[in-house]
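Peer 1: give the three-dimensional model of this entry:
(2 chains, ligands or ions: 1)
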Amino acid sequence: MSALSDQLVTYAILAYLVAMISHAVEYALGNARAVQVKAGAPVRELVGAGVGDAGGIVEEPATVPAETRPSRSAARAVVAGRIAAWVTALAVALHLGAVVTRGVAAERMPWGNMYEFVLTVTFIGAAAWLAVLWKQPSLRRLGLFLTLVMVLLLAFAELKLYVQVTPLMPALQSYWFIIHVSTIIFASGIFLLGVVPAASYLMRAGWEQGKRSFPYTLARRLPAAAGLERLTFALHAFAFPIFTFAVIAGAIWAEAAWGRAWGWDPKETWAFISWVVYAGYLHARATPSIKRNVATWISILGFLTMLMNLFGVNFFFTGLHSYAGVN
Amino acid sequence: MTTVDDRPASPPAEAPRRRVNPVLALLRNSWRQLTSMRTALILLFLLAVAAIPGSVLPQRGVNPEKVNQYFVDHPDLAPRLDQLGMFEVFGSVWFSAIYLLLFTSLVGCILPRTRDHVRALRMKPPAAPKRLDRLPQHAVLEAPAAADAEAIAAVLRRRRWRVVVRGNEVSAEKGYLKETGNLLFHVSLVAVLLGVAVGSWYGWHGNRILVSGDENAFCNTRQQYAEATLGPRVDSADLPPFCLTLDRFDAKYLPSGQAARYWATVTVDQPGGAKRSAGFSVNSPLRLGSANVYLLGNGYAPILKYTDRYGRSQTSTAPFLRTGDPNATEEGMAAFPDANVDPKTGKRAADQQVAFDGLYLPTAPDDPPFVSSHFPEERNPAVVLVAYRGNLGLDAGIPGSVYKLDQRQIDNGKLKQIGNKKLGLGEKWTLDDGSTLEFVGTRPYITIAVRYAPGQTLMLGACVTLLAGLMGSLFARRRRVWFRISPPEGGSPTSGSSLVEAGGLPRTEHPGFADEFAQLVAAVSDDGRDDRRAREGDE
Ligand code: HEM
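Peer 2: Here you go, the predicted structure:
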């Protein structure tokens, strides 16, 4: 069972890789057409149309002048994008299989060490991406960044974090393990997904302001900035209460397990930091005088603190939370 | 929303100018600054940044040994960091200053907002704007089923809008929950902090090792703890009386050596009750009402019987401490300061004291080297000891560790090494002067923390309201709708049908508002018939 899980992880990585390449093809073909568009219509107009839309996200094609008829490469781009989305769905299915078989092999929830943790967090992120895609297909191009994140994280987990299946140590044998860890994983997965529109928004907003240097050019074919920003907020607003609950559940568990609800153990300290930074994001976003891109940077900072907690604390510090299985 | 720093500046000074006390003005301005969202944000970030050294540097409250180690490793840097409070970040002046300022800002923010909110709750939804067609949502209903103001109001009330009818106009508002939730959330934050404060003032905790056996029973007094911290409002005499005896300790290990289960069985002796037996474990502490007992660690105390050259025996059951080895190798010492007292004179010879230090291995390997255990469970227990004779330095008045020999005595030659040996269970070692040491057996011990933490119930309650408030704050949405009924052109109200105009305004970001508005308009058109249908559908 455990070997099956390992195989499924490998296949999932490959599938994400294929999806990523497919997205890249979509992107490249799209760019070919963007050149045509640029020749036909001044960019400013495109921007105006994208931002002014109130309801949802408008893909640039909506503003393509009538005389530029969709070229063959544009049609191919759409096909490549659809393939990418379906392959991503396949990858998520393989990923789920990997998580489940790992849990079956260990005869417990598959969250006992850092390898399993990363495996599950990435699964949540990818599955939530499919849900977002289902509701807003126009966001499909973000898939390029999402699959890139998936490939990197999963490959890192596979190469650096992998450990054999082992049962839980006594400290983890509690129903609070399921409550605390599942919610942390869920919230982390959504925060992870939230980084994709956040970073895309920052690039796209720069592009819409006429910046044409390197990272901004990546955003040429992305959906309009306003919609990306709203998605960023929606994902963070969704994840934040869950994360809050997870931290509270952790404190309740810590009271039973270690005799104190909160002891400023490195993991706890970084959870506190993440929480404060994300609360800062929500405040900044609710304050009209603070620019949206400042707020969005705060959300990215929030995710960096989450990464610090996951990787930094497990590798550099020792604390009561030393269950990662890395030495 | 009502963010403080976005309020319009105070109106231009057209009113007769009054002399303003500069001190008062300064205070008022500072207060405004402090309670602005921008300041709150900056303080939030300072708080996050200030917490970082608390995770990078060892903290006294978390791991005092590591702090000492840090002093050894960085003799120059450590004292300076210490002066800055870097080893007690979360109790330091600057950390406290940040969060106290933040919470002052928070209270300064909550109070006026609560006042405004209560006012808003009592206020009626405002009158309709002149031109409903300028609102983000607008619709014209021709011949709706609910054609008069009261009928429309009824439809809205059924959908839990706050409604007011003014003549031929209906105003309705919904989503006060957002601000209510938000205030609840922020008040809960203050309550959590209060809980922390109560806990640190009135709480106490202590740690110690409890070796099994009646003679090692522990009673809850301050002296009986290896280390204890009492809150500023707690006196040693306030510690509730109870005694604990460790009867058994059970540990199960997997073949890999990983621990699978721990269980401690103790006898509890509390005033006003008979002695009773109780069990506890990691994740399920012993709750005594007046305090909780937590299982933090465990190990074995070797029973070492020393028979001196005059034939008198003494037994040590000093616990040996785990070295951190997953296979439970332990190190420690057994000291016999009263050894070799001449029975004739009864005089204690300060240079004839005896001590042994070394390792205890629950599962010793069959062959040397005997440096670490091969399994955490007792399968082949052994001790590997070095014997010392001389002056242990216990009389010097300097409190020494009970787990380590005084290295200074060895360095200055007053304590001499006289041999070393590995002893299996029941084995005896005869020293050069004919005295003997026997490894009789072991006793399990547990490391416990005893803790009383008032304020935790308050904190838990506050966390629940905090979450509820947060959800309301994040997911509720304020919006307003208006309906205006125009009488049919020219005719009397009874002839022909009237025209109803509707407008909607989301007051906070609300992507689904258009749908909601459309449904609402449909419901008014049908006079809530689809409501009824929906309800029937539910059944
Ligand atoms: C301990 C420090 C604080 C924390 C952890 C905190 C956390 C939060 C969180 C998580 C939200 C929900 C975000 C949202 O509704 O969009 C929020 C909202 C809000 N907070 Fe705070 N807060 C703190 C201090 C303050 C202070 C000092 C103020 C006043 C200056 C303040 C004013 C607000 C306001 C006005 C909102 C509503 C934003 C909106 O319009 O939705 N908060 N806070």
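
Peer 1: C-alpha from now on. contacts and neighbour counts both.
Peer 2: Fine.

Peer 1: quick one: the strands in the stretch 51-200 of chain B?
Peer 2: Here the stretch 51-200 of chain B has its strands, by DSSP state E, counting those that start in this stretch, at B:137-142, B:162-166, B:169-174.

Peer 1: would you mind listing what in chain A touches chain B?
Peer 2: Along chain A, the residues adjacent to chain B under the rule Cα under 8 Å from any Cα of the partner chain are A:55, A:168-171, A:173-174, A:237, A:241, A:244-245, A:248, A:253, A:256-259, A:263-266, A:269-270, A:272-274, A:276-277, A:280, A:283-284, A:286-289, A:317.

Peer 1: can I get the buried part of those as one ChimeraX selection?
Peer 2: Buried members of these can be picked out in ChimeraX with the line below, counting by 16 or more other Cα atoms under 10 Å in any protein chain shown:
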select /A:168,170,171,173,174,237,241,244,245,248,253,256,257,258,259,263,264,265,266,269,270,272,273,274,276,277,280,283,284,286,287,317
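
Peer 1: just the residues of chain A next to chain B: which are in helices?
Peer 2: With helices taken from DSSP state H, the overlap with the residues of chain A next to chain B comprises A:237, A:241, A:244-245, A:248, A:253, A:256-258, A:266, A:269-270, A:272-274, A:276-277, A:280, A:283-284, A:286.

Peer 1: how many neighbouring residues does residue 164 have?
Peer 2: Answering for chain A, as no chain was given. Other residues within reach of A:Gln164 by the criterion other Cα atoms under 10 Å in any protein chain shown amount to 12.

Peer 1: hmm, no, I was thinking of chain B.
Peer 2: For B:Val164, the tally of surrounding residues (other Cα under 10 Å) stands at 20.

Peer 1: can you report how many residues lie near the closest residue to chain A within the stretch 251-400 of chain B?
Peer 2: Here the stretch 251-400 of chain B gets closest to chain A at one residue, B:Asn283, 4.0 Å apart by Cα to the nearest Cα. B:Asn283 is surrounded by 23 other residues when neighbours are defined as other Cα under 10 Å.

Peer 1: the stretch 1-150 of chain B against chain A: which residues are in contact?
Peer 2: If contact is defined as Cα under 8 Å from any Cα, the residues of the stretch 1-150 of chain B in contact with chain A are B:1, B:3, B:6, B:37, B:41, B:44-45, B:47-49, B:51-52, B:54-56, B:61-62, B:90.

Peer 1: hmm, which of the residues you listed are the buried ones?
Peer 2: For the residues of the stretch 1-150 of chain B next to chain A, burial is judged from neighbour counts taken by 16+ other Cα under 10 Å, and it is met by B:3, B:37, B:41, B:44-45, B:47-48, B:51, B:54-55, B:62, B:90.

Peer 1: among those residues, which are in helices?
Peer 2: Per DSSP H, helices hold the following members of these: B:37, B:41, B:44-45, B:47-48, B:51, B:54-55.

Peer 1: would TSV of the residues you listed with pLDDT and distance to B:Ala146 be doable?
Peer 2: Listed next are these as TSV, based on pLDDT from 0 to 100; distance: Cα to Cα, whole Å:
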residue	pLDDT	distance to B:Ala146
B:Met37	82	45
B:Leu41	87	49
B:Leu44	89	51
B:Phe45	90	53
B:Leu47	90	56
B:Ala48	90	56
B:Ala51	89	60
B:Gly54	86	64
B:Ser55	83	64
